[in-house]
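K.L.:
Requesting a structural model of the entry that follows:
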Amino acid sequence: MINLDDQERDKFSVLAAAWWDPAGPCRTLHEINPCRLAYISECVDLAGARVVDIGCGGGILSAALAAAGARVTAIDASSELIDVARQHAAENNLTIDYRAEMSAQLATRCPAAFDAVVCMELIEHVPDPAALIADCSALLRPGGHLLVSTLNRTPTAYALGIVAAEYVLNLVPRGTHDYQSFLRPAELSGLARGENLRVEDISAMHYNPLTRTASIGGKPRINYVARFRRDDAQ
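P.N.:
Model (predicted):
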């Protein structure tokens, strides 16, 4: 089974033309990106590192990783978003291997090839989260890191991550998220451990709509980031 919900792909594809507009519908992605990059940089020396961005969208994080010195491969199920990402890379002299490809295809083609796999704001949009984590693990070399961001399945996450973010503050387009697809940290950790990935960190990601900045730390009640390490000695 292809681990893809066509409706989920299509609702992001329609944003392609405005993906790189910092004041557009993807504004929040632009504003949290420095925080995401800093979190990745804490455990991965990006200079020369082989990094794959799974579900890269139009390339906001991919571009930042490449600018920091990483050798980046980036994939997304949306060919429209990959086209936008390639155009941005060409205009900014960034060398990024963008592909309209699924994680299972890449894992078959490039097993154990990467120092780090980043999978941000994707796992809550796929039909089979376990299969996605399995693909991510297969892509990692021994000792490599998987970095994931998603939303916790709590009443607070529903109230702030959906009602407030989508319908009150308009931080993200309406209909972006489905509460039932959110993953509790224990669920994500269980999937990771099943794929020989050791949990190193799970922390909240906080977004301040007044300052338009993000920070990491504390209990993961709403948005959170997680770091896992491929541990073949287990």
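K.L.:
how about Tyr158, secondary structure?
P.N.:
Using DSSP: H, G, I helix; E, B strand; the rest coil, the structure places Tyr158 in helix.
K.L.:
how much space between it and Arg221?
P.N.:
Noted for Tyr158: a distance of 11 Å to Arg221, by CB to CB, to the nearest Å. C-beta coordinates here come from the backbone N, C-alpha and C atoms, glycine included.
K.L.:
Can you get me a residue count around Gly24?
P.N.:
A count of nearby residues for Gly24, using other CB atoms under 10 Å, gives 13.
K.L.:
give the contact list for it.
P.N.:
By CB atoms under 8 Å, 6 or more residues apart in numbering, the contact list for Gly24 reads Leu15, Ala18.
K.L.:
again, only using 10 Å
P.N.:
Under the criterion of CB atoms under 10 Å, 6 or more residues apart in numbering, the neighbours of Gly24 are Leu15, Ala17, Ala18, His30.
K.L.:
Could you do Ile60 as well?
P.N.:
19-20, 22, 26, 29-30, 32-33, 36-37, 53, 85, 88, 120.
K.L.:
Next, format those as CSV and append pLDDT, neighbour count and secondary structure.
P.N.:
Putting those into CSV (pLDDT from 0 to 100; neighbours: other CB atoms under 10 Å; DSSP: H, G, I helix; E, B strand; the rest coil) gives the following:
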residue, pLDDT, neighbour count, secondary structure
Trp19, 98, 21, coil
Trp20, 98, 18, coil
Pro22, 96, 11, coil
Cys26, 96, 21, coil
Leu29, 97, 20, helix
His30, 97, 16, helix
Ile32, 97, 24, helix
Asn33, 98, 16, helix
Arg36, 98, 23, helix
Leu37, 98, 17, helix
Asp53, 98, 30, strand
Ala85, 98, 29, helix
His88, 98, 19, helix
Met120, 98, 24, strand
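K.L.:
And those residues, which two are furthest apart?
P.N.:
Greatest spatial distance in the contacts of Ile60: Pro22 and Asp53, 19.2 Å, computed using CB to CB.
K.L.:
Would you format the contacts of Ile60 as TSV with distance to Ala68 included?
P.N.:
Listed next are the contacts of Ile60 as TSV, based on distance: CB to CB, whole Å:
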residue	distance to Ala68
Trp19	20
Trp20	18
Pro22	19
Cys26	20
Leu29	17
His30	16
Ile32	16
Asn33	12
Arg36	12
Leu37	7
Asp53	12
Ala85	17
His88	16
Met120	15
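K.L.:
Out of those, flag the one nearest to Leu140.
P.N.:
Proximity of the contacts of Ile60 to Leu140 (CB to CB) peaks at Asp53, which lies at 13.6 Å.
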